[in-house]
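>>> The sequence and its predicted three-dimensional model are supplied below.
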Amino acid sequence: MIKNFFEQFGANVQVEEDDVMDMAADAAQTDLADDTDVRNLIRSVGAMVGREIDPEVEDRLASIITSGEAPTDMASLMEMMS
């Protein structure tokens, strides 16, 4: 499933799979209840894919993540991202 997700994700941006895995490892150690940590993670992901994150989108993502409302299963995450 991770390979399939990466193939879909990688088709839209030029990112190495190792970079995505490194970012996932960093995210696993991030305090997702801390607004500053979450915003730094969001910005890091944006930088990795070469896109600037709109402040409104950053606010919305940070709010969803820090409140614990972010999906925990891959299907829900993919639905949220589409």
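Received the coordinates, thanks. Numbers count the residues shown, from 1 in each chain.

>>> which residue sits closest to residue 34, ignoring its sequence neighbours?
Nearest non-adjacent residue to residue 34, counting by CB to CB, 6 or more residues apart in numbering: residue 66, 7.3 Å away. C-beta here means a position set from N, CA and C on the backbone, and glycine is covered the same way.

>>> With residue 58 instead?
Excluding the flanking residues, the one nearest residue 58 by CB to CB, 6+ apart is residue 42, at 5.5 Å.

>>> That neighbour: helix or strand, and which one exactly?
Taking DSSP states H and E as the criterion, residue 42 maps to helix 35-49.

>>> which residues of this protein fall in strands?
Taking DSSP state E, the chain contains no strands at all.

>>> Can you pull the poorly scored residue ranges out of it?
Scanning the chain for pLDDT under 70 picks out the ranges 1-13, 72-74, 77-82.

>>> all helices of it, in order?
2-12, 17-28, 35-49, 55-66, 74-81 (DSSP state H).

>>> what about the nearest residue to residue 41 once chain neighbours are set aside, distance to residue 14?
Among residues not flanking residue 41 along the chain, residue 30 sits closest, at 5.3 Å (CB to CB, 6+ apart). From residue 30 across to residue 14, the span is 24 Å (CB to CB, to the nearest Å).

>>> Equivalent analysis for residue 64, please.
26 Å.

>>> again with residue 36
29 Å.

>>> ok, those two, which is more surrounded?
Per other CB atoms under 10 Å, whichever of residue 36 and residue 14 has more neighbours is residue 36, with 10 against 7.

>>> Any figure for the gap between the more buried one and residue 43?
11 Å.

>>> Likewise for residue 15?
In terms of CB to CB, residue 15 sits 15 Å off from residue 43.

>>> do the same with residue 60
14 Å.

>>> Repeat that for residue 67.
19 Å.
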